[in-house]
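# After the sequence you'll find the predicted model.
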Amino acid sequence: MKRAGTADLVLMGGSIPPWLFERMVKLALPITEAIVQDYGQRGFLARLSDPFWFQSFGSVIGMDWNSSGVTTAVMSALRQALGPHAKSLGLYLCGGKGKESLQTPAQLLQVGQQTGLDGHYLGQCSRLSAKVDNTAIQDGFQIYLHYFMVSAQGDWSVVQQGMQTDSGQARRYHWHSGQLQSFVEEPHTAICGDNQGEILNLTDKKALPAQKGILAIAKENPEKIAGEIKRLIMPRQSNIQAKDVDLKRLGSILWLAQENEVQQFEELLLLKGLGPRTLQSLALVSEVIHGTPSRFTDPARFAFAHGGKSGKPFPVPTQVYDQTIATLKTAVEKAKLGHTDKADAIKKLSQMAQQAEAHFSPHNSLDELLQKENDNAWQYGGRTVNGWAKPPSNPPRLGR
């Protein structure tokens, strides 16, 4: 898993309706629990530091797939979902948006008191990561959101976002403590976006004399850190286009999710009866939990789990969403008691879809798949910020 990265996103207005945010919180918890159960706290923090995984996670919980609001939605949902379970999960989330972000060091001191970690050191890591992306890297984006998640073992990830109102863009920065060497000497392998001419980068090796002078004045003593960076630039258009989705990957998931296919595989019999549309969502959720980094190069694909609040690519299928939450929650709770059959079946969904890709040829275009989702949205309790989805003329009846 890459250690850090950036994502360029479109600034979009509009709040998340309560009916959707409540579901985001409910789904975020069992997804996180499943990842921690199988891959540990470090595994979750590594995923959080990957901009492609983060965008895929935002899409699978129903946020507009290319909006800057994905950052706020994901971190707000994680905060509300994980807060009451921080001690049992071993994950503590600090920071927030605007003035809340300034409270991060104080919150990390409290975490230190609860866990025995060095809260002062963690606070310094928080301040320096913000300084680098807001001041040392003068790329025109001003940081307004800063979240710091730390494990009980002291590993951490930072997710922060800057705004550039003139261009209508936001840039999200990801950090991870995994292998960092220095905050102040090229902690990023690249920070990429549209060419805006020369920028001031005080982390460049050539800036060492200026860097020393600034550090002497500020009396900063930066700690050691490491990082690899990945770039994700999301398109401006709200509609998902064929270039945004790997149709072979998506098609194999849609094929496997058909109930008649599930019945053919012994490993998936525990999922029998859920209906093809819920299995489709579960397969994508399964991939967010168990997929390797190469599986997240097309985050838009994960919008086929639960749509988006604006109706792009299609209305949120609330009934399917609720079934997905209930099924995953049950699987996680049973796994805590040592009964892993259902959790194993959910994991198997993504594994078998990946195996099917090798010999799968898509039979439908993206437009046809989107049309089908929109036509059927009313049957699944489809909902957007503008209201409930309505049936087309002569609609077919499908199972959930």
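On my side now, so go ahead. Numbers count the residues shown, from 1 in each chain.
# Tell me the buried residues in the lengthiest helix in the chain?
Ordering each helix of the chain by length in residues (DSSP state H) puts helix 18-48 first. By neighbour count with 16 or more other Cβ atoms under 10 Å, helix 18-48 contains the buried residues 20-21, 23-37, 39, 41-42, 44-48. Backbone N, C-alpha and C define where each C-beta goes, glycine included.
# can you list the domain ranges for the protein.
Listed by automatic domain parsing, the domain ranges of the chain are 4-233, 242-388.
# Output those domains in a markdown table, with mean pLDDT appended to each entry.
Formatted as a markdown table, the domains of the chain follow (pLDDT from 0 to 100):
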| stretch | mean pLDDT |
| --- | --- |
| domain 4-233 | 81 |
| domain 242-388 | 89 |
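# What segments of the stretch 101-250 of the chain are strands?
Remark: strands assigned in the stretch 101-250 of the chain by DSSP state E, counting those that start in this stretch are 137-138, 142-151, 156-164, 169-176, 200-201, 229-233.
# Redo these as TSV? Include distance to E357 and mean neighbour count.
What follows is those, written out as TSV (distance: least, Cβ to Cβ, whole Å; neighbours: other Cβ atoms under 10 Å):
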stretch	distance to E357	mean neighbour count
strand 137-138	38	18
strand 142-151	32	23
strand 156-164	30	24
strand 169-176	28	26
strand 200-201	40	14
strand 229-233	22	19
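# mind giving me TSV with those strands and columns for distance to I346?
Output for the strands of the stretch 101-250 of the chain, formatted as TSV (distance: least, Cβ to Cβ, whole Å):
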stretch	distance to I346
strand 137-138	40
strand 142-151	24
strand 156-164	25
strand 169-176	26
strand 200-201	44
strand 229-233	26
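# Check the gap between V332 and L279 for me.
Separation of V332 from L279 (Cβ to Cβ, to the nearest Å): 18 Å.
# the more surrounded of the two?
When neighbours are counted by other Cβ atoms under 10 Å, V332 and L279 differ, and L279 comes out ahead with 31 against 21.
# quick one: the closest residue to N134 other than its chain neighbours and A86, what's the gap?
What sits nearest to N134 in space, not counting adjacent residues and going by Cβ to Cβ, 6 or more residues apart in numbering, is I143, at 4.1 Å. Distance, I143 to A86, by Cβ to Cβ: 25 Å.
# Secondary structure element holding the residue most central in space within the chain?
In the chain, the residue lying closest to the centroid (Cα atoms, centre = their mean) is F54, at 2.4 Å. Assigned by DSSP states H and E, F54 falls within helix 51-60.
# other SSEs contacting that helix?
Where contact means 3 or more Cβ pairs under 8 Å, 6 or more residues apart in numbering; DSSP states H and E, helix 51-60 is packed against strand 4-10, helix 18-48, helix 69-82, strand 169-176, strand 229-233, helix 276-290, helix 303-306.
# Just the helices from the stretch 101-250 of the chain, written as ranges.
Assignment of helices within the stretch 101-250 of the chain using DSSP state H, counting those that start in this stretch yields the ranges 104-115, 119-131, 208-218, 247-256.
# Same list, these, but as a markdown table with distance to V316 please.
Converted to a markdown table, the helices of the stretch 101-250 of the chain look like this (distance: least, Cβ to Cβ, whole Å):
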| stretch | distance to V316 |
| --- | --- |
| helix 104-115 | 32 |
| helix 119-131 | 33 |
| helix 208-218 | 47 |
| helix 247-256 | 18 |
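# E287 contacts R295, doesn't it?
Yes: between E287 and R295 there is a contact under Cβ atoms under 8 Å: 5.8 Å.
# More neighbours: which of those two?
More neighbours surround E287 than the other of E287 and R295, with 25 against 19 (other Cβ under 10 Å).
# quick one: contacts of stretch 380-390?
14, 17, 19-20, 277, 307-311, 314-320, 374, 376-378, 400 (Cβ atoms under 8 Å, 6 or more residues apart in numbering).
# Next step: the residues you listed restricted to helices.
Among the contacts of stretch 380-390, the residues falling in helices (DSSP H) are W19, L20, R277, T318, Q319, V320, N374, N376.
# nearest to Q80, of those?
L20 (13.2 Å; Cβ to Cβ).
# Quick check: closest non-adjacent residue to that closest one.
Distances taken as Cβ to Cβ, 6+ apart put K309 closest to L20, at 5.4 Å, once the chain neighbours are dropped.
# show me what contacts that neighbour?
K309 touches G14, I16, P17, L20, G62, M63, D64, V316, T384, V385, counting by Cβ under 8 Å, 6+ apart.
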